[in-house]
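Novice: just a sequence and a predicted model for now, questions to come.
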Amino acid sequence: MRIRDRGALTAFICATALAVVAAQGSTNATPVQNAPKPLYTPDTMLRRIAAEQNAAPAAQRQGPGAEQNAALGYWMAFAQMKEMPVGGSARDTDALLDANAAALATLARATRMTACDWGIDYALGPNAPIAHLPKARALARVNSAAAVRAMGRGRGDEAVDQWLVGMRFARHIESGGTLIATLTAWNALRNTWSGLEPWVVEKKLNAAQRSRLADAVRMLPETVFHWDTAVLNEARVLQVAAQSATSGGGSAAPPTEAETKRFLREIERVGDAFTRSPDETAVVIAAYMKETDVHRFYRESMPSLTKTNETRREVKAERERLLALLK
């Protein structure tokens, strides 16, 4: 049985994206005043990330893997990638996977690096460009399809290698992002898991291959991602948007400095709860929702914390189910 997309999660992704993604192209969103239009091509982002990396103190760049940023490798893979069309024939898919051999090799090398910094500029608030997310989602889909093809051709070890790459890549996709990044990462991870699951159910993997996959899944936290960091990054975005609203005026009274501090105090408490079990988190979210001193701007602009926590339950359940299958 494959892991299936759920309508509720799809709706949640759309709702969450409003805080950041839609803000980049919507006239109804609160703009950051005088924010420059960012260039977001593979070449410009590679130059920017490399420049930031080179500007870091020398001591910070020393040590195993510390001098290498996985995002550089991923942007190189994006530049090499040929995206898969939806509904193409088996022959088209096969040719496309062959065309993506270089991109997949670059992806695999990048996932071996420890640090991943996408260079998100939170000073731009809702206008911070996040175009790496659809590219990452597409590349994860190509990698998963390549793993399934390898398995179908009897190359089980190669398929397992690619599924492990997919798991590592998903963890990096969310790095330093808001909730839309975490949801994109979950989409990529779920694609990987749904690709390998039928082969596990049909007992097509040998004991060593199952063990490698089980070890990788077992090493993941129970809800896999850094949901607490994503929640706090949402607050960073809203802070900038609130400052823009304050300087731009309008009919509704924008948050005062004291109201912003109050929101940050409360959301830090919620963020900390997202490091605990979904049940414990739900209690803290319920208390936060009863707070009457959180400014309307922040309350209405923050993505649904309840739905976020429900997605965490789903991630936890799917991880546990996959581990049970891999025994």
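Specialist: Structure's in. What do you need?
Novice: low-scoring pLDDT stretches of the protein, where are they?
Specialist: 1-67, 85-88, 245-252 (pLDDT under 70).
Novice: contact partners for Thr182?
Specialist: Thr182 sits next to 174, 225-227, 230 when contact means CB atoms under 8 Å, 6 or more residues apart in numbering. C-beta coordinates here come from the backbone N, C-alpha and C atoms, glycine included.
Novice: number of nearby residues for the residue nearest to Glu174 when sequence neighbours are not counted?
Specialist: Sequence neighbours aside, Ala185 is the residue nearest to Glu174 in space, at 3.8 Å (criterion: CB to CB, 6 or more residues apart in numbering). Neighbours of Ala185 under the rule other CB atoms under 10 Å: 27.
Novice: ok, Glu202 next?
Specialist: Using other CB under 10 Å, the number of residues around Glu202 comes to 8.
Novice: next one: the one 10 residues further on
Specialist: Per other CB under 10 Å, the neighbour tally for Arg212 reads 17.
Novice: OK, contacts around it?
Specialist: With CB under 8 Å, 6+ apart as the criterion, the residues that contact Arg212 are 160, 164.
Novice: gap between it and Leu205?
Specialist: Shown here: Arg212 relative to Leu205, a distance of 9 Å by CB to CB, to the nearest Å.
Novice: now for these two: what residues contact both?
Specialist: Taking CB under 8 Å, 6+ apart as the contact criterion, the common neighbours of Arg212 and Leu205 are Val160.
Novice: re earlier: ok, so of the contacts of Thr182, who is nearest Ser277?
Specialist: Trp227 (11.7 Å; CB to CB).
Novice: dump the residue contacts of the closest one.
Specialist: Here Trp227 is in contact with 179, 182, 274-275, 308, 312 (criterion: CB under 8 Å, 6+ apart).
Novice: quick one, which of those residues are buried?
Specialist: In the contacts of Trp227, burial by neighbour count holds for 179, 182, 274, 308, 312, counting by 16 or more other CB atoms under 10 Å.
Novice: any chance of those residues in TSV, with distance to Ala258 and secondary structure too?
Specialist: Compiled in TSV, those are given as follows (distance: CB to CB, whole Å; DSSP: H, G, I helix; E, B strand; the rest coil):
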residue	distance to Ala258	secondary structure
Leu179	26	helix
Thr182	30	helix
Phe274	25	coil
Thr308	27	helix
Arg312	32	helix
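Novice: closest to Ala242 among the residues you listed?
Specialist: For these, the closest approach to Ala242 (CB to CB) belongs to Leu179, at 17.9 Å.
Novice: surely that closest one touches Leu305?
Specialist: No. Here Leu179 lies out of contact with Leu305, judged by CB atoms under 8 Å, at a distance of 9.4 Å.
Novice: give me the common contacts of these two.
Specialist: In contact with both Leu179 and Leu305: Val231, using CB under 8 Å, 6+ apart.
Novice: count of neighbours near Ala140?
Specialist: Residues near Ala140, counting by other CB under 10 Å, number 24.
Novice: check contacts around it.
Specialist: Each residue near Ala140 by CB under 8 Å, 6+ apart is listed here: 166, 169-170, 173, 187-188, 191-192.
Novice: let's see that with 6 Å instead.
Specialist: Ala140 makes contact with 169, 188, 191, according to CB atoms under 6 Å, 6 or more residues apart in numbering.
Novice: and if you look at Gln209?
Specialist: Taking CB under 6 Å, 6+ apart as the definition, contacts of Gln209 comprise 156, 160.
Novice: assign it to helix, strand or coil.
Specialist: The three-state assignment at Gln209 reads helix, by DSSP: H, G, I helix; E, B strand; the rest coil.
Novice: what segments of the stretch 1-150 of the chain are helices?
Specialist: Defined through DSSP state H, counting those that start in this stretch, the helices belonging to the stretch 1-150 of the chain, from first to last, are 7-17, 42-55, 58-61, 70-80, 90-99, 101-110, 132-152.
Novice: same deal with the stretch 201-327 of the chain?
Specialist: 207-218, 227-248, 257-273, 278-289, 296-301, 305-326.
Novice: nearest to Ala105, out of those helices?
Specialist: Among the helices of the stretch 201-327 of the chain, helix 207-218 comes nearest to Ala105, with 19.8 Å by CB to CB.
Novice: chain center to that closest one: distance?
Specialist: In terms of CA atoms, centre = their mean, to the nearest Å, the gap separating the centre of helix 207-218 from the centre of its chain is 23 Å.
Novice: stretch 82-102 too?
Specialist: 24 Å.
Novice: pull the residues that contact that stretch.
Specialist: With CB under 6 Å, 6+ apart as the contact definition, stretch 82-102 has outside contacts at 80, 138, 142, 146, 149.
Novice: quote the end-to-end distance of that stretch.
Specialist: Counting by CA to CA, to the nearest Å, the length from the leading to the trailing residue of stretch 82-102 is 10 Å.
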